[in-house]
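Engineer: Output the structure for:
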Amino acid sequence: MSDRDALRKQMEKDGIEYLLVQFVDITGAAKVKMVPASAFDAAIDEGAGFAGGAVWGVGQGPHSHDMLARIDLDSYSPIAWKPNTARFASDLFVDGEAHPYCPRTNFKRVLSDAREAGYVFNVGMEPEHFLVVRDDEGALRVWDPDEVDSLSKPCYDFRSMAPAMEYLQELTASLNRLGWGVYQCDHEDANGQFEVNFDYTDALTTADRVTFFRMAASQLAAKYGAIATFMPKPFSDRTGSGLHAHYHLADAENGNDLFQSENDGRGLGCSQLAYHFIGGVLHHARALCAVTSPTVNCYKRLQLGAGLQSSRSGYTWTPAFIAYGDNNRTQMIRTAGPGHFEDRTISSATNPYLALAAY
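Structural biologist: Got it, this is the predicted structure:
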């Protein structure tokens, strides 16, 4: 919905009184200013002002001119836990010019180049996360109010997931009201670890949704006495959290999936373009890893040798092998279906705009 007058009417219908003008820093953390809905036009045309030197990695110091975050109308997201408020993803400007250190602006530049070449990048991402609490000494431990989430293999276990069902249902309902198409939730391989899956779409929208998902999970988890953490490896003896990316290139004119082929001699249903694409990913895998696994903690998740079986469940499910395969979760690139690749190495701590732009 890119027409401001139509959106203004929708906001009035939705009872929106406040807007969160939101962008991300270099780590992917959401940064916001709250403005009244009466400042809607100013948020579009001028933007909300920020002192860039107060934010990590946006190329500014205390002497720099103000950054102005201008909202993207297509990112309108009413907030379920604060019904009078809506969030807008924003792009940064300085002195009237697009700011090149804005991760979202940079990603839009990359996607524009791809579209000029005839491609649209479609992506779905799977945000794994832990629900935790802090003990009296400040250390993290698994959120387990019923003291039932203790299996060494808790993945998909009903009893282990049951205490979190209300949280997961509220999260699902709030996202589906925004049209995300959440289609499943599960207890993951580690105690206190969960995943929510929603429909794939164009890469920019997916990056915006991952950012909002983190915001939503953190606020809704707090209602249930938990902390939602996207730290990739909060516990050394449990499987870590990823942000697995499923993707393909589509034709910019007709939307057809360009990664599928019925004439694949390897039997995976993939086109020559698809193999060329993942060939580039594998060739640059180590460099990509610096962006997709940006913190020291990320590398506690990526394991080789004995580390592959260092989790309580018996497997880390986190391949550090630069390889592709069929429907095989021990490879960096899993072919989940014809023309459908999944990168399993991406960390839950990554900045989705930077990670997908690097692709």
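Engineer: just checking, what packs against the strand ranked longest in the chain?
Structural biologist: As assigned by DSSP state E, the longest strand anywhere in the chain is strand 119-134. If you count contacts as 3 or more Cβ pairs under 8 Å, 6 or more residues apart in numbering; DSSP states H and E, strand 119-134 packs onto helix 103-116, strand 140-142, strand 193-198, strand 201-202, helix 203-223, strand 227-229, strand 243-251, helix 352-358. C-betas here are computed from N, CA, C, even on glycine.
Engineer: and of the ones you listed, who's closest to His284?
Structural biologist: helix 352-358 (8.3 Å; Cβ to Cβ).
Engineer: mind listing what's buried in the longest strand of the chain?
Structural biologist: 119-132 (16 or more other Cβ atoms under 10 Å).
Engineer: so what strands line up beside it?
Structural biologist: Strand 119-134 has the following strand partners under DSSP bridges: strand 140-142 (antiparallel), strand 193-198 (antiparallel), strand 201-202 (antiparallel), strand 227-229 (antiparallel), strand 243-251 (antiparallel).
Engineer: could I get those strands as JSON lines with mean pLDDT and mean neighbour count?
Structural biologist: Shown next, in JSON lines, are those (pLDDT from 0 to 100; neighbours: other Cβ atoms under 10 Å):
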{"stretch": "strand 140-142", "mean pLDDT": "97", "mean neighbour count": "16"}
{"stretch": "strand 193-198", "mean pLDDT": "98", "mean neighbour count": "22"}
{"stretch": "strand 201-202", "mean pLDDT": "98", "mean neighbour count": "15"}
{"stretch": "strand 227-229", "mean pLDDT": "98", "mean neighbour count": "21"}
{"stretch": "strand 243-251", "mean pLDDT": "98", "mean neighbour count": "21"}
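Engineer: okay, the helices and strands packed on strand 119-134 in JSON lines with distance to Glu97 next?
Structural biologist: Formatted as JSON lines, those follow (distance: least, Cβ to Cβ, whole Å):
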{"stretch": "helix 103-116", "distance to Glu97": "10"}
{"stretch": "strand 140-142", "distance to Glu97": "43"}
{"stretch": "strand 193-198", "distance to Glu97": "34"}
{"stretch": "strand 201-202", "distance to Glu97": "25"}
{"stretch": "helix 203-223", "distance to Glu97": "20"}
{"stretch": "strand 227-229", "distance to Glu97": "36"}
{"stretch": "strand 243-251", "distance to Glu97": "30"}
{"stretch": "helix 352-358", "distance to Glu97": "19"}
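Engineer: just so I know, which of these lies nearest Ala89?
Structural biologist: Checking the helices and strands packed on strand 119-134 against Ala89 by Cβ to Cβ gives helix 203-223 as the closest, at 4.5 Å.
Engineer: what angle do the closest one and strand 243-251 make?
Structural biologist: Calculated by axes from the mean of the first three to the mean of the last three Cα atoms, to 10 degrees, helix 203-223 forms an angle of 150 degrees with strand 243-251.
Engineer: other SSEs contacting helix 203-223?
Structural biologist: Helix 203-223 packs on strand 18-24, strand 30-36, strand 85-94, helix 103-116, strand 119-134, helix 165-176, strand 227-229, helix 352-358, going by 3+ Cβ pairs under 8 Å, 6+ apart.
Engineer: Go again with 7 Å.
Structural biologist: Under the contact criterion of 3 or more Cβ pairs under 7 Å, 6 or more residues apart in numbering; DSSP states H and E, helix 203-223 touches strand 30-36, strand 85-94, helix 103-116, strand 119-134, helix 165-176, strand 227-229, helix 352-358.
Engineer: Make CSV out of those and add distance to Ile346.
Structural biologist: Shown next, in CSV, are the helices and strands packed on helix 203-223 (distance: least, Cβ to Cβ, whole Å):
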stretch, distance to Ile346
strand 30-36, 19
strand 85-94, 20
helix 103-116, 15
strand 119-134, 8
helix 165-176, 20
strand 227-229, 17
helix 352-358, 6
